[in-house]
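>>> generate a structure from the sequence data that follows.
(chains A and B)
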Amino acid sequence: SAVISQKPSRDICQRGTSLTIQCQVDSQVTMMFWYRQQPGQSLTLIATANQGSEATYESGFVIDKFPISRPNLTFSTLTVSNMSPEDSSIYLCSVDRFFGPGTRLTVL
Amino acid sequence: AQKITQTQPGMFVQEKEAVTLDCTYDTSDPSYGLFWYKQPSSGEMIFLIYQGSYDQQNATEGRYSLNFQKARKSANLVISASQLGDSAMYFCAMREDYGQNFVFGPGTRLSVLP
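Residues are numbered from 1 along each chain as shown, chains lettered A, B, ... in the order given. The predicted structure is shown next:
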C-alpha cells in the first residue's frame, strides 16, 4: 500500500489569496489524482496529474483556478488560486486506491 | 456513464451487532472494481475493502465483508460486531479501468450506539 502525506493539514485563508497543497508518495507512481470534498458532499475529481505531461482537468475545473505541478514520480502540488468562500473544502490527493490525509481549507 | 447510489443517508446500529450499508452501481464496462471507504470526522479517507468484477468470491477484510451481487449491480458492505469507533461516513466507489479515477456515491453516515 502507498503511504501518502499532504501539507498543510489545514489552513484558514483570506479571500483572493492562493494556497498550494503538497502531496508526497513513498513510492514512484505514474498517476496521481486530486479530489475536492465540499462540506457535506461526496468527493469530486478535480484533475489527474501525470508526470511529464499537463494535468487533465474534469468538467467544471480549470487550470487557471487549480494549477497542478507534477515534477517527479513521487510528488505533486495543487494550487487553489484567487480563493473565495466557495473553495472551502477538503482537498485530497490519491494514488491507486489510497488517499492522503487531506487538507482542510477554510476561506474567509 | 458510471453512477453509484447509496440510498441510506444515515444508519444506526447497536454496538456489537452487524450492519449492512447498501450500494448499487451502474456501468456498461464489464471490467471494474468496487471499493468502500470510511471517513471519520478527521476527514481522511480510509480504504476498507475491494471487489473486482471478475472475482468469484465475496471480499472479506476482518470485520468487513462485501456482499457482491453482480446481476443486481449491488455491492453492499457488511460490518460485523460493530464498535463505537465504526461511527463515520462510509462511501462506496467504483473504478472502471485500472489507473482511472473513482466515482463516489453520496455516502452513508453510520452511528453506533452504546
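>>> output the below-cut-off pLDDT ranges for chain A.
Within chain A, not a single segment meets pLDDT under 70.
>>> and for chain B?
B:98-99.
>>> which residue is nearest the centroid of it?
Among the residues of chain B, the one closest to the centroid is B:Trp36, at 3.5 Å (C-alpha atoms, centre = their mean).
>>> get me the contact residues on chain A for chain B.
A:1, A:30-31, A:33, A:37, A:41-45, A:48, A:90, A:92, A:94, A:97-102, A:104 (C-beta under 8 Å from any C-beta of the partner chain). Quick note: C-beta positions are derived from backbone N, CA and C, even for glycine.
>>> are we agreed that the residue nearest to the centre of chain B is in a helix?
No - using DSSP: H, G, I helix; E, B strand; the rest coil, the secondary structure at B:Trp36 is strand, not a helix.
>>> partners of it in the sheet?
B:Ile49, B:Cys92 (DSSP bridges).
>>> that one and chain A, how far apart?
10 Å (C-beta to the nearest C-beta, to the nearest Å).
>>> list the contacts for that residue?
B:Leu21, B:Cys23, B:Leu48, B:Ile49, B:Tyr64, B:Leu66, B:Ala75, B:Leu77, B:Tyr90, B:Phe91, B:Cys92, B:Ala93 (C-beta atoms under 8 Å, 6 or more residues apart in numbering or on different chains).
>>> identify the spatial nearest neighbour of the residue in chain B that chain A sits nearest to, chain neighbours not counted.
As assessed by C-beta to the nearest C-beta, chain A sits closest to B:Met45 within chain B, at 3.9 Å. Once flanking residues are discounted, B:Met45 sits nearest to A:Phe99: 3.9 Å by C-beta to C-beta, 6 or more residues apart in numbering or on different chains.
>>> I figured that neighbour hits B:Phe35, correct?
No - counting by C-beta atoms under 8 Å, A:Phe99 sits too far from B:Phe35 to count as a contact (10.7 Å).
>>> intersection of neighbour lists for the two?
B:Phe47.
>>> and chain B, which residues reach chain A?
Residues of chain B found near chain A (C-beta under 8 Å from any C-beta) are B:35, B:37, B:42-45, B:47, B:50, B:91, B:99, B:101-102, B:104-107.
>>> go again with 6 Å.
Listed as neighbours of chain A in chain B under the rule C-beta under 6 Å from any C-beta of the partner chain: B:Phe35, B:Gly43, B:Glu44, B:Met45, B:Phe47, B:Gly99, B:Asn101, B:Phe104, B:Pro106, B:Gly107.
>>> with neighbour count as extra columns, can I get these in CSV?
Below are the residues of chain B next to chain A laid out as CSV (neighbours: other C-beta atoms under 10 Å in any protein chain shown):
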residue, neighbour count
B:Phe35, 23
B:Gly43, 18
B:Glu44, 17
B:Met45, 27
B:Phe47, 16
B:Gly99, 12
B:Asn101, 23
B:Phe104, 22
B:Pro106, 16
B:Gly107, 24
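>>> count of neighbours near B:Ser111?
Using other C-beta atoms under 10 Å in any protein chain shown, B:Ser111 has 13 neighbouring residues.
>>> actually A:Phe66, not the one I typed
Around A:Phe66 there are 20 other residues, counting by other C-beta under 10 Å.
>>> cool, A:Gly40 as well?
By other C-beta under 10 Å, the residues close to A:Gly40 number 8.
>>> helix/strand/coil for it?
At A:Gly40, secondary structure determined by three-state DSSP is coil.
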